[in-house]
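[1] Generate a structure from the sequence data that follows.
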Amino acid sequence: MKYVIIGGDAAGMSAAMQLVRKDAQADITVLEKGEHYSYAQCGLPYWIGEEIESEDKLVARDANTYRTKHGIDARTNHKVTSIDPQKKTVSGNTFELPYDKLLIASGARPFIPEWKNSDLKGIFTLKTIPDAKKILAAIGDKKRKITIIGGGSIGLEIAENVCKAGHQVRILERAARLAMNFDKEMTDHIHEKAIEEGIQLDLNHEIIGFESDNAGHVNKIVTNLAECETDLVIVAVGVRPNTDFTKDTGIQLDHNGAIRVNRYMETNVDGIYAAGDCATQYHRLIHKDVYAPLGTHANKQGRIAGLNMCGHPRAFMGIVGTQIYQFFDLALARTGLSSREIEEIGFPYKCVQAKLPHVAAYYPTNEPILIRLQYDANTGKVLGGQFIGTKGVDKRCDVLATALYHGMTMQDLEELDLGYSPPFNSVWDPLQQTARRRS
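    As a prediction, the model looks like this:
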């Protein structure tokens, strides 16, 4: 069986390794448009912030390892430009390859809106190791005025890391608050932390364009409210699926260009699968496909695609919307649906919120954790939750994500048998205490 995979990162190589393990006769070719295989995109802000010392730490396996150890024809600098489903071929400028089964795992690319002069020197996005190298080279050994456009998870991670490295940091956000996938009651605490750490927040700013010095290097950002001086700009306003090469193939795309797949990672075209940031993900709570480009989903979908491609059927069981990231000493986590998302869907719901110690209140290491839960007003079924604190956030978020996966109610949360010892928890876990406060 001739397998071809487009994309050499999370989804693509998770699939490839399943093919290696499950099909002894597999003939596997992976086409990666860049130089790097299996690298940690999520670690790039921490490399820029000097928390991670080198790019080598970010690469799990290089292309040569896949070639020599696993027998995969792992190619670099092979950009796919077209697919012919009738001939069953994949083509680029210098190659054409036949396939029996094809996996599209081409990921996503950062998006820059059509702002005036957005092609100036000193304006960057961050998605790949070469992107990070360009930013590091532009920063050099001087302290810079760095502007982050976008106040989502990536923008906040970049802002934290360049701030820790001693640079003057500004965040420009078009919305009225940061982290719009959190409720307002939670994001107020994120704002406070940003200001406390010396980050300048400029909210409600619509970007109009950029101005430059005589050398064509950006030195000013023009918005609807101000003109902001800067030494360099990092744009973090979202990504778009890399699916342009699927044009004229008949492959069905979602409204944003993501490839529509079923629970077995199959597209509507026979023999073609898709997984990861270029594809849709099934959301268990709303029973619909969504676009949630995260590494966790990419690895799971890639693994499942590989199993299905070689005749070991496995369904992708879906996501519940779990996300966690660090912002200075705070952990910011959420799972399920936010209040805004619930209102858009139209579910009748209620919220309950509490601020509680993450371990026994009398234990000297206790730290406050802010918890907000959303639940169905009629059935009590848990719909989502958000957490902010310095300790214990990840544990509570993962417990709630498990509850959401299994469709549990707020009363079910109370009944969970969770671990207790003063250094680790209260007799009643803070998640359970919050659930008990519902009306």
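
[2] Quick check: mean pLDDT of the one helix or strand Pro45 maps to?
    Per DSSP states H and E: Pro45 is located in helix 44-48. Helix 44-48 shows a mean pLDDT of 96.

[3] Going by residue numbers, what spans are helices in the stretch 301-439 of the chain?
    Assigned by DSSP state H, counting those that start in this stretch, the helices in the stretch 301-439 of the chain fall at 339-345, 393-405, 410-415, 430-436.

[4] Would you check that my belief about Gln168 contacting Lys145 is correct?
    Yes - assessed by CB atoms under 8 Å, Gln168 is found in contact with Lys145 at 4.8 Å. All C-beta spots, glycine's among them, are computed from the backbone N, C-alpha and C.

[5] And for Thr267, nearest residue in space, chain neighbours not counted?
    Nearest residue to Thr267 in three dimensions, chain neighbours excluded: Ile251, at 5.1 Å (CB to CB, 6 or more residues apart in numbering).

[6] Just confirm that neighbour contacts Asp270, I think it does.
    No - with contact defined as CB under 8 Å, Ile251 does not reach Asp270; the gap is 11.0 Å.

[7] Which of those two has more residues huddled nearby?
    Ile251 (19 against 9; other CB atoms under 10 Å).

[8] what residues are up against that one?
    83, 85, 104, 243, 259, 267-269, 272, 274 (CB atoms under 8 Å, 6 or more residues apart in numbering).

[9] Of these, keep whichever come out buried.
    83, 85, 104, 243, 259, 267, 269, 272, 274 (16 or more other CB atoms under 10 Å).

[10] For the residue nearest the centre of the chain, give me its contacts.
    Residue closest to the mean C-alpha point of the chain, counted by CA atoms, centre = their mean, is Leu294 at 3.4 Å. Counting by CB under 8 Å, 6+ apart, Leu294 makes contact with Gln323.

[11] For it, report the pLDDT, please.
    Looking at Leu294, its pLDDT stands at 96.

[12] same question, Lys220
    98.

[13] which non-adjacent residue is nearest it?
    Spatial nearest neighbour of Lys220, excluding adjacent residues (CB to CB, 6+ apart): Glu211 at 4.1 Å.

[14] Tell me if that neighbour really is in a strand.
    Yes - secondary structure assignment places Glu211 in a strand (DSSP: H, G, I helix; E, B strand; the rest coil).

[15] what about it, how many neighbours?
    A total of 15 residues lie near Glu211 under the criterion other CB under 10 Å.

[16] Could you do the one 5 residues further on as well?
    Applying the criterion other CB under 10 Å, we find 11 residues in the vicinity of Gly216.

[17] any idea how the chain splits into domains?
    2-37+58-109+239-309, 123-235, 323-436 (automatic domain parsing).

[18] just the ones you listed: most buried one?
    The highest mean neighbour count among those, using mean count of other CB atoms under 10 Å, belongs to domain 2-37+58-109+239-309: a mean of 20.

[19] Distance across that one, terminal residue to terminal residue?
    In domain 2-37+58-109+239-309, first residue to last residue: 11 Å (CA to CA, to the nearest Å).

[20] related to what we said a few turns ago, helices or strands up against the helix holding Pro45?
    Helices and strands touching helix 44-48, by 3 or more CB pairs under 8 Å, 6 or more residues apart in numbering; DSSP states H and E, are helix 129-139, helix 153-164.

[21] How about the secondary structure of Met17?
    Per three-state DSSP, Met17 ends up helix.

[22] my guess is it meets Gly306, correct?
    Yes - assessed by CB under 8 Å, Met17 is found in contact with Gly306 at 7.0 Å.

[23] Of the domains of the chain, which is nearest Glu50?
    Distance to Glu50, taken as CB to CB, is lowest for domain 123-235 among those, at 5.6 Å.

[24] Span of the closest one from start to end?
    The straight-line separation of the ends of domain 123-235 (CA to CA) is 7 Å.

[25] mind checking how far that domain is from the chain centre?
    Between the centre of domain 123-235 and the centre of its chain there are 18 Å (CA atoms, centre = their mean, to the nearest Å).

[26] Which phi and psi values does the nearest residue to Val290 once chain neighbours are set aside adopt?
    Nearest residue to Val290, sequence neighbours excluded (CB to CB, 6+ apart): His283, at 4.7 Å. Backbone torsions of His283, given as degrees, to the nearest 10, read phi -100, psi 120.

[27] How confident was the prediction at His283?
    Confidence for His283, expressed as pLDDT, is 98.

[28] Would you mind naming the residues that bridge with it?
    Beta bridges link His283 to Lys288, Ile319, judged by DSSP bridges.

[29] Surely it touches Ile319?
    Yes - counting by CB under 8 Å, Ile319 is a contact partner of His283 at 5.8 Å.
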